[in-house]
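K.L.:
model this:
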Amino acid sequence: MAIYQMESLIIQSFYGGYDQNFVYLITDKFSGEQCLIDAAIPFSNIEKFIPDNLSSLLITHSHGDHIAYLDDISHVFTSINIFSFSQQNSTKYSVQAIRDSQIIKLGNTKINVLHTPGHFPDSVCFLINNALFTGDTLFVGRTGRTISQGSDVRKLYQSVYSKLLTLPKDTLIFPGHNYGPKPTITLGENIQISPLLQAINEQDFIARMDQYEVNR
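P.N.:
Prediction:
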């Protein structure tokens, strides 16, 4: 576990899951209210860090590794608010559909929803102050991939270049997987180290993505 202290937030990062996943526990310092970002880690690994104030679970996208332990969490916190861009219902829990530019409240903290399709149609990022939780849209050193069903490289270009790279360069990225040389990075640093973030236009980005897949 790693802890990041910010002015009004505490961010606790947990590592594991099916594919070097990260899960983040966000605590609003003033209210003590907490939320989780993604359900990719066994709940037993993190429950001791959650007293009783877990109000919500935010899903970056619905790929199986990111929602693998959704049942475990909803079983413990039966009234938890589960937010996802794709609304899913079952007999065990109900998911509230979110939209682009929506604000979710966590105590006194505002969580901004950014719909970022490309890796997957329901991919979203969550911006909290200057912390950006990117799921599989953006990693340390590269973007997400676009090889699975539902992926779209042109939509990913628009999501990354029109929405994420326009944010302040000191924005701190918290990705959904531990794929880079370090677990988190500023947006400005990430642009400097990643050829996929240096494209001059959409066609250049597509060519760079093709080259990445050939060489990976």
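
K.L.:
At the geometric centre of this protein, which residue do we find?
P.N.:
Gly135 (2.9 Å; CA atoms, centre = their mean).

K.L.:
and the closest residue to Leu54 other than its chain neighbours, how far is that from Ile206?
P.N.:
Once flanking residues are discounted, Leu54 sits nearest to Gln34: 4.9 Å by CB to CB, 6 or more residues apart in numbering. Backbone N, C-alpha and C define where each C-beta goes, glycine included. Separation of Gln34 from Ile206 (CB to CB, to the nearest Å): 40 Å.

K.L.:
give the contact list for the residue nearest to Leu54.
P.N.:
Leu25, Ile26, Thr27, Asp28, Ile50, Asn53, Leu54, Ser55, Leu106 (CB atoms under 8 Å, 6 or more residues apart in numbering).

K.L.:
can you check Pro175 too?
P.N.:
Phe22, Thr134, Gly135, Asp136, Leu138, Phe139, Val140, Pro183, Thr184.

K.L.:
Let's see if you can find the most crowded of the residues you listed.
P.N.:
When neighbours are taken as other CB atoms under 10 Å, the top entry among these is Leu138 (32 neighbours).

K.L.:
ok so, going back, per-residue confidence at the residue nearest to Leu54?
P.N.:
For Gln34, the pLDDT comes out at 96.

K.L.:
and if you look at Asp52?
P.N.:
79.

K.L.:
give me the number of residues near it?
P.N.:
Asp52, neighbours per other CB under 10 Å, totals 7.

K.L.:
where's it relative to Val153, distance?
P.N.:
From Asp52 to Val153 the distance is 44 Å (CB to CB).
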